[in-house]
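Asker: Dropping a prediction and its sequence here:
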Amino acid sequence: MATSPEHEYLSNAALRIMESASNSGLFGYTEGQRKLFDFSCDLKKDWSKVVVGQTLWKHDGDGIDKDVRTLLNERDVAAAVYIARHKSRLRSRFAEVTQSYLDTPMRDRLSRLRVFWVPADFSTTDEEVVASTYRALQEEITRDLLLQVTLGGLTPRDVIRFASSRRPGLPIAILSHIKANGHRSHKSTATALGQTSGPVGYETDRLFMTGFLESESLQGGVYRITASGLAMLDICSRLRDYLNGNLGEENKNAHLEYICSLLGIDYPSIPIDTPLIGEDVVHQLQNPTFLLLQHVAQADSEGSVDWPAPYFALPSN
């Protein structure tokens, strides 16, 4: 069945949004084989996560059954995206269909389903409507999909908790060490970092309590880095590039800036010549961005971090 211009635009927009976000250097992107889907892509770091999607525009509620079944039947995907026309009847039908899977073996796959509703009067003939719809989709897909799939579900609250540590640089150094070497004990980590056990133990336990580290024991002990911990390391590494003037042309990266803005990180507001360490620092204790950059600058000056390289976008197939 022939698709409408709106259907084609929305399917392609989803891919453009994810490819554009990959230019942040936080993950790579490759367009995938569509098979039964309207769009598909592979998001890459030191892992590979497939995102597939369907777009509902012209067909009515009966098509939702088939679309949802197709999305849920696909194995080994990180997220199944559904872009749909916003109508009360369609929303009700979507709820009915998804609820029907709650008592089936596929109930666990519902958690990977992401639905984005587009105004019913959307038309590709209206340039202003197209632009506003793209912006809305960009924010929703970045916040509700990409931050979950590629950045471990990182939130602005997580960033504040990380930045509020009173030992500049140490949380980054601990994450970097545990990523590379694992964690046997606070003493061994402290020795490797040239620190004393007390502060290292406190910060390590704090990283565990705030979700950047995980352990098989609820009391902690033997730690490993979580997906959000890896994401924080990646973001801090890109912020280091910013402080060193190496972020890109004119030291700018609009894609990274946009993702960081959704996490409450307004790094362009702190000029790179702002004193962050040493005697000339004018502390901004209520500014999470300043505190985070202070962590980055301190860790960089100590040379104790193996900074992750950026993940560049890969050519589409």
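Answerer: Good, I have the coordinates.
Asker: Count residues in the vicinity of the closest residue to N73 other than its chain neighbours, would you?
Answerer: In space, and not counting its chain neighbours, N73 is closest to M106: 7.8 Å by Cβ to Cβ, 6 or more residues apart in numbering. For glycine as for every other residue, the C-beta is placed from the backbone atoms N, C-alpha and C. The number of residues packed near M106 is 12, by other Cβ atoms under 10 Å.
Asker: and what of the one 3 residues further on?
Answerer: R109 has 17 neighbouring residues, counting by other Cβ under 10 Å.
Asker: now it: how far from V81?
Answerer: Here the criterion is Cβ to Cβ, to the nearest Å. By it, R109 lies 13 Å from V81.
Asker: One more: Y101?
Answerer: Here the criterion is Cβ to Cβ. By it, Y101 lies 17 Å from V81.
Asker: Same drill for the two, tell me which one is more crowded.
Answerer: Counting neighbours by other Cβ under 10 Å for Y101 and for V81 shows that V81 has the greater number, 27 against 17.
Asker: Would you agree that one falls within a strand?
Answerer: Yes. Counting by DSSP: H, G, I helix; E, B strand; the rest coil, V81 is part of a strand.
Asker: What sits closest to it if chain neighbours are left out?
Answerer: Distances taken as Cβ to Cβ, 6+ apart put G53 closest to V81, at 3.5 Å, once the chain neighbours are dropped.
Asker: Helix, strand, or coil at the one you found?
Answerer: Per three-state DSSP, G53 ends up strand.
Asker: show me the contacts for it.
Answerer: For G53, the contacting residues are 11, 14, 37-40, 71, 80-83, by Cβ atoms under 8 Å, 6 or more residues apart in numbering.
Asker: let's see it at 6 Å
Answerer: Residues in contact with G53 (Cβ atoms under 6 Å, 6 or more residues apart in numbering) are 14, 38-39, 81.
Asker: Ranking by neighbours, what's the top pick from those?
Answerer: V81 leads these on contacts (other Cβ under 10 Å) with 27 neighbours.
Asker: Please tell me how far that one sits from D121.
Answerer: To D121, V81 is 22 Å away according to Cβ to Cβ.
Asker: got it, and S40?
Answerer: Using Cβ to Cβ, S40 is found at 28 Å from D121.
Asker: And the pLDDT at Q33?
Answerer: Looking at Q33, its pLDDT reads 83.
Asker: can you give me phi and psi for the nearest residue to it once chain neighbours are set aside?
Answerer: In space, Q33 comes closest to S40 once its chain neighbours are excluded; the distance is 6.2 Å by Cβ to Cβ, 6+ apart. Torsion angles at S40 (phi, psi; degrees, to the nearest 10) stand at phi -160, psi 140.
Asker: what's the burial count for S40?
Answerer: Counted with other Cβ under 10 Å, S40 comes out at 21.
Asker: Isn't it up against R34?
Answerer: Yes. If you go by Cβ atoms under 6 Å, S40 and R34 touch, sitting 5.2 Å apart.
Asker: Regarding A21, what is its secondary structure?
Answerer: With three-state DSSP as the basis, A21 sits in helix.
Asker: what about it, neighbour count?
Answerer: Using other Cβ under 10 Å, A21 has 24 other residues around it.
Asker: for it, what are its contacts?
Answerer: Residues near A21 by Cβ under 6 Å, 6+ apart: 142, 146, 255.
Asker: ok, of these, which one's closest to L263?
Answerer: Nearest to L263, judged by Cβ to Cβ, of the contacts of A21 is T142 at 10.3 Å.
Asker: Let me see the contact set for the closest one.
Answerer: Contacts of T142 (Cβ under 6 Å, 6+ apart): A21.
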